Structure formats: structure tokens, C-alpha cells
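[1] Pasted the sequence and its predicted model underneath.
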Amino acid sequence: MSLNTAHAHGGVLIFAGERILIYYDGIEMSYDGPNGMPHFKGKKKGSVYLTTHRVIFNCTDPKDQMQSFSMPFMNMRDLELEQPIFGANYIKGRILAEQGGNWTGEARYKMYFTHGGAIEFGQAMMKAGQLASRNRPPQPPPYTPPMGNVYQAPPPAYAPPHTPHYDWVPYQTFPTAPPQDGVYMSEAPPPYPGVDPNAPPYPPPQANGHDAKAREAAGSAYYSPANPHNVYMPSDPPPSYDEASKKTN
């Protein structure tokens, strides 16, 4: 797990080829972390992302010392679903720090789903962890900062992948896609295995805005913050989660 490494420009930051499977806005997180670290104090509100490689929490409060919290599946331990008689359902577990991830040791966490969906999210989280564990190395790799430029991610990074390999993702419960202008990606691939090692990478953003074939291949609008005048815009926007989940063919 790494601290304050998965956010950029007010949005979430993912690796090239990493895919967001579930987005949930309205999460509340509480932590029991290492002593002396104010980042883990108090209950925090924000958004949570289940990706093909990890779970990411982004904090709503821009003044909070924890802006993002990345939890790779291979660093998770003791995952449980809780359904109290009073109060919101929640997921709890233990997470080990990634070497070089801005903190050391381990922490316990609780994820409270204020609008429902804790059971479905937790089951999908467990399934993703099981799939990713098939290719895990003996030891978790050290955290590596994102390399290269940071781009606004193309739609394959957050659109529902309608293939049998992802038929366990509960899109009926979580039909909302993250804001298109709130998903960014680096040029670096994920440093640890995901749920589908055979998934083809989606086209990376291009620096040259005059390449029509690259625009068509990417299939969406994106830009490089380092070169904001080059913007790719498709003729049609990508389908929403609601529209995509209704398609049967």
C-alpha cells in the first residue's frame, strides 16, 4: 500500500493498462495506522475505485493529509464484510505498506458504504484479489513512482469491459462511471499483476494531435497537461455505465 501516490489534478491516477472496474462516490474510511502518523487520524470521506490491480481511495477534503490511499491486492490481509444491525455495512481488513510507499508497517481500515453496496463491492474485491493472486510474485515489489507524463485517461480505462472474464463485476449495483475529467494515467505499467494478465493494453495518449489514426484508435478525448493545446475529441462520447450495462450483444 502506498500513501498519496494515486491522485493527480484533483482526480485519480492509475497506471497505463490498469482498468477501473467499479467507482463509488460516498465512501467513508477510518484507519488504525502506525502511531505518530496524522494521515491515518479521523474518518475520511471520498471516492473509492476497484481496479484490475488494487483498491484506491481518494479523499474529498483537499486539506486532509491523506489525499489518496492505494491498496494492491497482494498487500491485503484479513478481508471481511460486516453487516451491523445499526449503521451502514462496511468492509474491514488489514493492509501492508509497500516498500518506498511513503509509510511503513501495516494498518487496519474500515470502508463504510453510506449509500449501500458494501456486500457487492466486497465480493467483487475478494474475487479480484483471487484472480490477481494467481500470478503474484513471492514478495510484493517495492513501490515505484509513476514515470513519464501524466495524461487524461482514454475510455478503456474506465468503461465496462463486456467480456466473460469480467462477468463477476456487479455493474447493476454500480452503474456510475467516474468523471471523464477525473481519471488520469501515467506512462508506466502496473508494477504488480492484475486480474487478467492477457488483457491487451489500450492505446496510450499521443503527444501529436495531428495523427488522425491515433485519435481513432484511442476513441476518446484526452490531453497531455504538459501540452494542453493538443486535444483529441471523438465524434461520439463513450457510453455511460447505465447504457453499457443494458447492452446484451
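    Cool, the structure landed. A quick note: this is a predicted structure, and the numbers were derived from the prediction, not measured.

[2] helices and strands around the host helix or strand of A132, which ones?
    According to DSSP states H and E, A132 maps onto helix 118-133. Packed against helix 118-133 by the contact rule (3 or more Cβ pairs under 8 Å, 6 or more residues apart in numbering; DSSP states H and E) you find strand 20-32, strand 44-51, strand 76-82, strand 90-96, strand 106-113. In this view, the C-beta of every residue, glycine as well, is placed from N, C-alpha and C.

[3] could I get these as a markdown table with distance to P145?
    Rendered in a markdown table, the data for the helices and strands packed on helix 118-133 read as follows (distance: least, Cβ to Cβ, whole Å):
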| stretch | distance to P145 |
| --- | --- |
| strand 20-32 | 20 |
| strand 44-51 | 18 |
| strand 76-82 | 22 |
| strand 90-96 | 19 |
| strand 106-113 | 21 |
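
[4] Reformat those as JSON lines; add mean pLDDT, mean neighbour count and distance to V183.
    Conversion of those to JSON lines gives the following (pLDDT from 0 to 100; neighbours: other Cβ atoms under 10 Å; distance: least, Cβ to Cβ, whole Å):
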{"stretch": "strand 20-32", "mean pLDDT": "94", "mean neighbour count": "19", "distance to V183": "7"}
{"stretch": "strand 44-51", "mean pLDDT": "96", "mean neighbour count": "22", "distance to V183": "9"}
{"stretch": "strand 76-82", "mean pLDDT": "92", "mean neighbour count": "14", "distance to V183": "23"}
{"stretch": "strand 90-96", "mean pLDDT": "93", "mean neighbour count": "19", "distance to V183": "23"}
{"stretch": "strand 106-113", "mean pLDDT": "93", "mean neighbour count": "19", "distance to V183": "20"}
